[in-house]
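In: Structure of the sequence below:
(one chain, ligands or ions: 1)
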Amino acid sequence: MDTRPLGRSGLSVSHVGWGTVKLGRNTAVKFPEAFALPSDAEARSIVHNMIDLGITLIDTAPAYGLAEERLGDAILGCRDELVLCTKVGETFKDGVSHHDFSAKAVRESLEESLRRLRTDHVDVLLVHADDDDLALQDGTDLVQTLQRLRDEGKTRSIGFSGKTTEAAEAALGWADVLMCAYTMEDRSHEAVIKAAGAAGVGVLLKKVLGSGHLPAAEALQFVLNNAPIASSVASVVIGSLNSTRMEANVAIAQR
Ligand SMILES: NC(=O)c1ccc[n+]([C@@H]2O[C@H](COP(=O)([O-])OP(=O)(O)OC[C@H]3O[C@@H](n4cnc5c(N)ncnc54)[C@H](OP(=O)(O)O)[C@@H]3O)[C@@H](O)[C@H]2O)c1
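Out: Predicted coordinates:
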């Protein structure tokens, strides 16, 4: 698959990335249909199938239940060929999300992620923001903490995955990478995506299929071919447990 530079981070990522929510969590999610989590063996095979499609960017998070642990198990032996993106700030326990962006919680969260992913560093570390996504960047030591973790080599790049356009704009002041939602039905982040591209901030798109509520082929084509943002986007991160569907997604991106 084609790879693209992730802004000025020095990383290169597959144009289609893979999101791992469904690998480890099936409660308090917004997919159109309920689904069973794969078994450990099925999870391992799904990870390998996705990598075999040429996907090198894998997005995960502590809040995705078993996802990090399953990923760590499956990628032993090929971790260095992958760009691993995880997050800090949100955990998910007993069906409820908890947020903590303090320096202590952020450090501990990354250490736990490294242990589960069986690696000594991640490639991208994003803030997993809550609804108050502007306030948590302002007047707190969150950005400094992330910068220190990058200086210490525990992550190669830092960034932000939030909700509002205002927070995404604020993140352009410090982030190497910006993850944001963009779909054929919600283009509200268009200007900030363009600005990120111009500023050398790597852009990862999330929820491009509307978490499965949009017609997949049409929704993906719209995002990939949308001239105002196409050149700014490094990777379109799609969630799936189905490698046949992902193969179709990759084929659309390769056209
Ligand atoms: N706050 C955050 O940082 C945040 C929030 C949301 C998402 N994300 C990241 O972005 C990723 C993607 O978001 P998402 O998973 O919510 O939504 P999405 O990628 O828009 O949609 C995923 C859904 O689309 C289905 N799908 C995939 N390819 C398909 C195809 N060719 N035809 C029909 N259906 C298809 C998947 O089902 P199958 O399993 O059946 O393929 C899945 O149910 C997440 O996995 C996560 O890594 C981050």
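In: list the buried ones in the helix or strand harbouring V47?
Out: Per DSSP states H and E, V47 falls inside helix 40-52. Neighbour counts using 16 or more other C-beta atoms under 10 Å place A43, R44, I46, V47, N49, M50, I51 of helix 40-52 among the buried residues. All C-beta spots, glycine's among them, are computed from the backbone N, C-alpha and C.
In: what's in contact with it?
Out: 18, 23-24, 37-38, 58, 66, 70-71, 73-75, 78, 81-82, 240-241, 243, 246 (C-beta atoms under 8 Å, 6 or more residues apart in numbering).
In: Are any of these buried, and if so which?
Out: Using 16+ other C-beta under 10 Å, the buried ones in the contacts of helix 40-52 are 18, 23-24, 37-38, 58, 66, 70-71, 73-75, 82, 240-241, 243, 246.
In: Contacting the ligand as well, which ones from the residues you listed?
Out: Restricting those to those touching the ligand (C-beta under 6 Å from any ligand atom) yields S240, L241.
In: Quick one: check the helix holding V47 for contact with the ligand.
Out: No. Judged by C-beta under 6 Å from any ligand atom, helix 40-52 stays clear of the ligand, getting no closer than 9.2 Å.
In: Given the next helix or strand after that helix, what are its sheet partners and their directions?
Out: Next along the chain after helix 40-52, taking DSSP H and E as the criterion, comes strand 57-59. Sheet pairing for strand 57-59, assigned by DSSP bridges, gives strand 16-19 (parallel), strand 83-88 (parallel).
In: Check which element follows strand 57-59 along the chain.
Out: helix 67-74.
In: Mind giving me the packing neighbours of that following helix?
Out: Identification of packing neighbours for helix 67-74 by 3 or more C-beta pairs under 8 Å, 6 or more residues apart in numbering; DSSP states H and E yields helix 21-24, helix 40-52, helix 103-117.
In: what's the burial count for the closest residue to R8 other than its chain neighbours?
Out: Take R8 and drop its neighbours on the chain: the residue closest to it by C-beta to C-beta, 6 or more residues apart in numbering is G200, 3.9 Å away. Neighbourhood size, G200 [other C-beta atoms under 10 Å]: 12.
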